[in-house]
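A predicted structure for the sequence below; I have some questions about it.
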Amino acid sequence: MSFTGKATYDAGASLPELADDVSDLVGLISPFDTPLIDAIGNPRFSATSTRHEWFEDKLNPNYSAINEAAGYDDNDTAIVVDDGTRFRIGDLVKAQGSNEVMQVTGISTNTLTVTRGYGGTTGAAVVDNQRVDVIGHAALEGDDAPAAASRNRSRVENYTQIFTEAVTISGSMDAVGLNAVEREFDYQVIQRLRELMRSLEQSVIGGFKAAANPQGSASVRRTMGGLLQFISGADAVVDNAGAAALTEEVLNASLRKCWEKGGRPGAIVCNGFQKRKISNFIQSSRRYEPEGTTLRNLVDIYESDFGVQRVILSRWVPADKILLLDLDKIQVLPLQGRSFFVKPLAESGDFRKAQIIGEYTLEIVNGADGGHGVITNLSTS
């Protein structure tokens, strides 16, 4: 005999007689993590102006390059280089790739007069653009002090960028009880803060300050330069992979260039595709024990000949790029008193309104000098 009494399914299509059964959680799938900012950590100080500057310095360079299209034979004693100011009379010099040692006996602008085959070494021809390194300087006993050779420190600047979002809810929405959310206003503030932190990390990586009027105006928004803008220039380590796949050889070549320039990158920051390439470096040496129940196939710390690098997975690094960073030389600075905060706004109607504001800039020391590096144009398929 079929059931003829009252059942839940008799309550209509929308079951109006039944109490709602709603989970007390709200599912959130949109990514909002900021692994690079987390790795950089808290700044040591705040910016005190919308224009933030820092000083950078270098030691005097001790090398130049041959500047003669035809090169020089193994007995030429007058050699033109790109910059003669990098040498002193008495220097012992050696062309890269050669076993010959030469001694500088005279300097006229960019022309070096040298003694070839110094110390019994064998003279060798040199070619255009071949690097010439100073091995060391030999001073005469009792000689006067040499001319001072100092460098001017350079000032590097970046600008603060204002990040903001707004929250507005009606008076009724602010008053009612809700499923899964205790207070709608607080929930919306948290969501907007997540979006702003996401935007800040993206700006730290790929932001660009304006080439003209970077200070902004009443109609021009002020923007901050990011890592990719600052790691650029003739002396920067920016390696174009030519659409080739990432390999250990490619990665180590860039790390070596940073090391040769005095840099010590301690972090490799990359997107998911390149992270898998790095983890596959160990593919050939990976072992799996038959009784094991866990298969590990990842690289979180990469120990190279040029230091130990932490591998940081970030969604916001372009898929064809890898950042090689010295995190000790990077800060994300708030303008003093302008870390992200919630500012209640005047209510002119039956609603509640607030603005979330933060103002930040990036400081990256020696970005253009090899302290950091970028591998770009990597294969993404």
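Received, thanks.

please make it C-alpha for all contacts and neighbour counts, starting now.
OK.

just want the most central residue of the chain.
residue 227 (4.3 Å; Cα atoms, centre = their mean).

go ahead and confirm that residue touches residue 207.
Yes - contact status for residue 227 versus residue 207: in contact at 7.5 Å, counting by Cα atoms under 8 Å.

please name the residues that touch the closest residue in space to residue 170 that isn't next to it in sequence.
Computed as Cα to Cα, 6 or more residues apart in numbering, the closest residue to residue 170 that is not its neighbour in sequence is residue 351, at 4.0 Å. Residue 351 sits next to 168, 169, 170, 171 when contact means Cα atoms under 8 Å, 6 or more residues apart in numbering.

redo that, cut-off 10 Å
Residue 351 is in contact with 168, 169, 170, 171, 172, 173, 174, counting by Cα atoms under 10 Å, 6 or more residues apart in numbering.

for the residue nearest to the centre of the chain, list the residues it contacts.
The contact partners of residue 227, taken as Cα under 10 Å, 6+ apart, are 203-208, 323, 325, 330, 362-364, 367, 372-374.

list the buried residues in the longest helix belonging to the chain.
Secondary structure assigned by DSSP state H gives helix 184-206 as the longest helix of the chain. Neighbour-count burial for helix 184-206, counted by 16 or more other Cα atoms under 10 Å, picks out 184-185, 189, 192-206.

low-scoring stretches of the stretch 151-300 of the chain, by residue?
Scanning the stretch 151-300 of the chain for pLDDT under 70 picks out 283-297.

domain ranges for the protein?
35-56+155-282+297-376, 63-137 (automatic domain parsing).

out of these, nearest to residue 148?
The closest of those to residue 148 is domain 63-137. By Cα to Cα, the value is 11.3 Å.

can you point out the buried residues in the helix or strand containing residue 38?
Under the criterion of DSSP states H and E, residue 38 resides in helix 35-40. The neighbour-count check on helix 35-40 (16+ other Cα under 10 Å) flags 35, 36, 37 as buried.

in space, what's closest to the last one - neighbours in sequence excluded?
Nearest residue to residue 37 in three dimensions, chain neighbours excluded: residue 201, at 6.4 Å (Cα to Cα, 6+ apart).

how many neighbours does residue 103 have?
Look at residue 103: counted by other Cα atoms under 10 Å, it has 26 neighbours.

partners of the nearest residue to it once chain neighbours are set aside in the sheet?
With sequence-adjacent residues excluded and distances taken as Cα to Cα, 6+ apart, residue 103 is closest to residue 92, at 4.5 Å. Note on residue 92: beta-bridge partners by DSSP bridges are residue 103, residue 136.

what sits against residue 92?
101-105, 114-115, 118, 133-138.

what about the helices in this protein?
Residue ranges of the helices in the chain, as given by DSSP H, are 35-40, 171-175, 184-206, 227-230, 248-260, 272-279.

what angle sits between the last one and helix 248-260?
Relative orientation of helix 272-279 versus helix 248-260 (axes from the mean of the first three to the mean of the last three Cα atoms, to 10 degrees): 90 degrees.
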